[in-house]
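>>> I would like the atomic coordinates for the input below:
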Amino acid sequence: MTWSVIAATEDHARLLAPLMAEPDKRECWAQAHLEPLEALLYSLRHSVLAYTAIVDEAPAVMFGVRAESMLSDTGYPWLLGRELDRHVSYLFLKHYRPFLDRMREAFPVLEACVDARHAKAIRWMKWAGFTIAEPIAGGPDALAFHPVLIGA
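Next up is the predicted model:
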């Protein structure tokens, strides 16, 4: 198995979108009624930093951090991908920390909302050091989302 993390591109989004994991698809729809490709392209186009994890020459995960304003100390991280086996998930987690550190250098505060149904994402956010708040209603359908925060 080959593994690398490179700068994200729209081509990566087009390749990854049809393979996106079901929980990630549900979260994209719940947050903004976006289909996988729309969500990936929106996130990529609004990101200050954006990366793609390539596994065996194919995009596996795209992630990065968006900004409302370059004057703000707050960034909005995102991560969307295909279903990964345990070994690949472990490799990704093992290599994610330096990218999180880069995001924190650009934005001392990172905040997001995670679909309360997405248990794997919630576990990952806890592992990464985010504080997970009680769920609140969010998105166009007022579903439950956990606000998450790291920094400040």
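
>>> And the next helix or strand past the helix or strand that contains P77?
According to DSSP states H and E, P77 maps onto strand 74-81. The helix or strand immediately downstream of strand 74-81 is helix 86-106, counting by DSSP H and E.

>>> Tell me the gap between that following helix and the middle of its chain.
11 Å (Cα atoms, centre = their mean, to the nearest Å).

>>> partner strands of the strand holding P77, parallel or antiparallel?
strand 58-67 (antiparallel), strand 109-115 (parallel) (DSSP bridges).

>>> With distance to T9 added, can I get those strands in TSV?
C-beta here means a position set from N, CA and C on the backbone, and glycine is covered the same way. Converted to TSV, the strands paired with strand 74-81 look like this (distance: least, Cβ to Cβ, whole Å):
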stretch	distance to T9
strand 58-67	9
strand 109-115	23
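
>>> will you turn these into a markdown table that also has mean neighbour count, distance to G138 and mean pLDDT?
As requested, those are exported to a markdown table (neighbours: other Cβ atoms under 10 Å; distance: least, Cβ to Cβ, whole Å; pLDDT from 0 to 100):
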| stretch | mean neighbour count | distance to G138 | mean pLDDT |
| --- | --- | --- | --- |
| strand 58-67 | 22 | 16 | 95 |
| strand 109-115 | 21 | 6 | 96 |
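
>>> coming back round to it: now the strand holding P77 and helix 86-106, what's the angle there?
160 degrees (axes from the mean of the first three to the mean of the last three Cα atoms, to 10 degrees).

>>> Low-confidence regions, this structure specifically.
Low-confidence segments of the chain (pLDDT under 70): 152.

>>> in it, which residue is closest to the centre?
Nearest residue to the geometric centre of the chain (Cα atoms, centre = their mean): L79, 1.4 Å.
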